[in-house]
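# mind looking at a prediction? Sequence and model below.
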Amino acid sequence: MAAVGSGRSGGRRLWQIRRQGGGRGGGIMVIAQRNRVSVAAVGGGEPPEMEEGIRVFVSVPGSSVGQNDVPDSFYKLSGEEIRNEAKMRRERLEQSRLLIPKSYKEKQALAARQKYKQAVIRVQFPDRMILQGVFLPGEATSSLYEFVTSALKQPGLEFELISPAIPKPRVVPHFPNPGERARTLQEEELVPSALLKFIPKETDSVVFTGLLDELLMASEPLPAASQ
């Protein structure tokens with residue numbers, strides 16, 4: 001059995017994708033999420049069944065993901081737009097510091113963390129495929145990178161995950177800086193849901209070749225509810 005990828009948080013297994021078998025008749029794909037396992041035959045033309053929460057969507061031009069997509073123009077805000085946005089953010093921050101006691105803000109943050117028990121994260125790829133996973137709000141952002149890596153045909157490809165934040169898109173941190181602790185999904189404002197953009201760092205020898213065939217076989221149209 002060859003493991004494709006796995007992720008852990010606080011000693012708890014969150015997800016795992018493995019391939020088993022693999023002769024000419026296909027094989028078995030095992031997907032475990034939070035210790036729940038779903039097994040489906042791969043081969044014979046039948047798409048594998050996947051555990052709820054781990055899904056692959058097909059996005060076509062004009063489909064629902066366009067509302068949350070990050071167009072190239074989004075990365076090119078004018079200097080005036082950036083200055084105006086920064087000014088408004090400073091004003092809002094100053095007002096909040098004056099009007100809201102620190103203890104109250106801490107209670108608000110705690111309430112927000114307790115309200116959501118999971119985060120649904122979607123990652124859009126250059127070929128317009130979308131990978132969805134379910135995570136815990138307190139998980140480190142590195143778990144997102146591990147999850148995506150496990151789904152790639154070329155797991156050695158380096159990449160960044162971009163969050164369409166305002167006023168400027170930002171890179172979701174992979175590893176913490178020296179002396180700093182890892183950032184969580186909650187702290188990166190990726191809870192309860194987020195759509196991230198996959199940006200590959202291709203080289204002459206390693207390029208983006210898409211998701212695993214097993215995942216592509218299980219792909220489905222983007223739900224109308226997301227449109």
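That came through, no problem.

# next, the buried residues of stretch 141-153.
141-152 (16 or more other C-beta atoms under 10 Å). C-beta: built from backbone N, CA, C; applies to glycine.

# ok, now stretch 191-202?
191, 194-200.

# narrow the residues you listed to those in strands?
Judged by DSSP state E, those include 194-200 as members of strands.

# using the three-state scheme, assign A111.
When classified by DSSP: H, G, I helix; E, B strand; the rest coil, A111 comes out as helix.

# related to what we said a few turns ago, what's the closest of the buried residues of stretch 191-202 to K168?
K197 (13.5 Å; C-beta to C-beta).

# thinking again about what came up before, could you dump the ones in strands among the buried residues of stretch 191-202 to JSON lines with distance to V206?
Shown next, in JSON lines, are those (distance: C-beta to C-beta, whole Å):
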{"residue": "A194", "distance to V206": "26"}
{"residue": "L195", "distance to V206": "25"}
{"residue": "L196", "distance to V206": "21"}
{"residue": "K197", "distance to V206": "19"}
{"residue": "F198", "distance to V206": "14"}
{"residue": "I199", "distance to V206": "14"}
{"residue": "P200", "distance to V206": "9"}
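
# which one of those residues sits closest to F57?
Closest to F57, out of all of these and judged by C-beta to C-beta, is L195, at 10.9 Å.

# that closest one touches R122, doesn't it?
Yes. At 4.8 Å, L195 and R122 qualify as touching, with contact defined as C-beta atoms under 8 Å.

# how near is V120 to G156?
Distance check for V120 against G156: by C-beta to C-beta, to the nearest Å, it reads 28 Å.

# should've said Q124
From Q124 to G156 the distance is 21 Å (C-beta to C-beta).

# who has more neighbours out of these two?
Ranked by neighbour count (other C-beta atoms under 10 Å), Q124 and G156 place Q124 first, with 20 against 9.
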